[in-house]
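S.K.: generate coordinates for the sequence data below:
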Amino acid sequence: MLRIYGSAKSRTVRVLWMVGELGISYDHKDWLPRAPETKTPEYRALNPNGRVPTIDDDGFILTESMAINLYLSKKHKSPLYPTDPRHEALAWQWSLWETDRLDRQLVNYMRHTKEYPEAQRKPEIAAEMWNEVTASFDVLETALAKSEWLAGPSFSVGDLNVAAALLRALTLDLAKWPKLEAWLTRCWERPPAKRARAMREKP
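M.R.: This next block holds a predicted model:
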């Protein structure tokens, strides 16, 4: 059986969304980042970085949420994994792009505007991150003006990977980016996405 290590309150939410789309059973170790369980020798043997998520798929160990989702969707021959090589390449392109251009930037922006206690917030970091976030939003808006989805004619792992990383953006005013806003809403309205989000927001 597939085992998933990592809390929905971390990037593991992407993997939990994916397994929901796939409809597969799994065992879940609901561990937060830097939790004591992630520092044990047993876990470090699985993931030397000590981070989450990690999966154990019948003995195959894999880390990094983007890679995990690409692997799972392809292994299970899901419609979410494009069969056209060009669409497959786009799914990889957008997944890799997001990790470089949006992931850290959006997280740090939200931390320094809403999530950290006010005394710990640094407006200069928030401003710098927002400049990078909006530039990336512009890129997505341009892409989504040409196509309803990022990697082919239908929702795919490329959309899931990017939209999952943009969960925090659901609380932002995206009126300047109407194509992005509509796409993000479509993605997060999917039933498996709603279930993953509920897991993340559970007290």
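
S.K.: ok, then the element right after the top helix by length along the chain?
M.R.: Taking DSSP state H as the criterion, the chain has its longest helix at helix 123-146. Of the helices and strands lying after helix 123-146 in sequence (DSSP states H and E), the nearest is helix 157-165.

S.K.: ok so, going back, buried stuff in the longest helix of the chain?
M.R.: For helix 123-146, burial by neighbour count (16 or more other C-beta atoms under 10 Å) applies to 126, 129-130, 132-133, 136-137, 140-141, 143-144. No exception for glycine: its C-beta is placed from N, CA and C like everyone else's.

S.K.: roughly how far apart are the nearest residue to Met129 once chain neighbours are set aside and Leu172?
M.R.: Closest residue to Met129 apart from its sequence neighbours, by C-beta to C-beta, 6 or more residues apart in numbering: Tyr109 at 3.8 Å. Distance of Tyr109 to Leu172, computed by C-beta to C-beta, to the nearest Å: 9 Å.

S.K.: go on, Lys77?
M.R.: According to C-beta to C-beta, Lys77 stands 36 Å off from Leu172.

S.K.: the more surrounded of these two?
M.R.: Of the pair Lys77 and Leu172, Leu172 is the one with more neighbours under other C-beta atoms under 10 Å, namely 19 against 10.

S.K.: please report phi then psi for that one.
M.R.: Main-chain dihedrals, Leu172, degrees, to the nearest 10: phi -100, psi 160.

S.K.: please, where are all the helices along the chain?
M.R.: Under DSSP H, the chain gives helices at 12-22, 41-46, 65-75, 85-101, 103-110, 123-146, 157-165, 178-188, 191-201.

S.K.: and the fourth one, what does it pack against?
M.R.: Right, helix 85-101. With contacts taken as 3 or more C-beta pairs under 8 Å, 6 or more residues apart in numbering; DSSP states H and E, helix 85-101 sits against helix 65-75, helix 123-146, helix 157-165.

S.K.: go through it and flag the buried ones.
M.R.: By 16+ other C-beta under 10 Å, the buried positions in helix 85-101 come out as 87-88, 90-92, 94-95, 97-99, 101.

S.K.: same deal with the second one?
M.R.: Buried residues in helix 41-46, counting neighbours by 16+ other C-beta under 10 Å, are found at 43, 46.

S.K.: avg pLDDT for it?
M.R.: Helix 41-46 comes out with an average pLDDT of 98.
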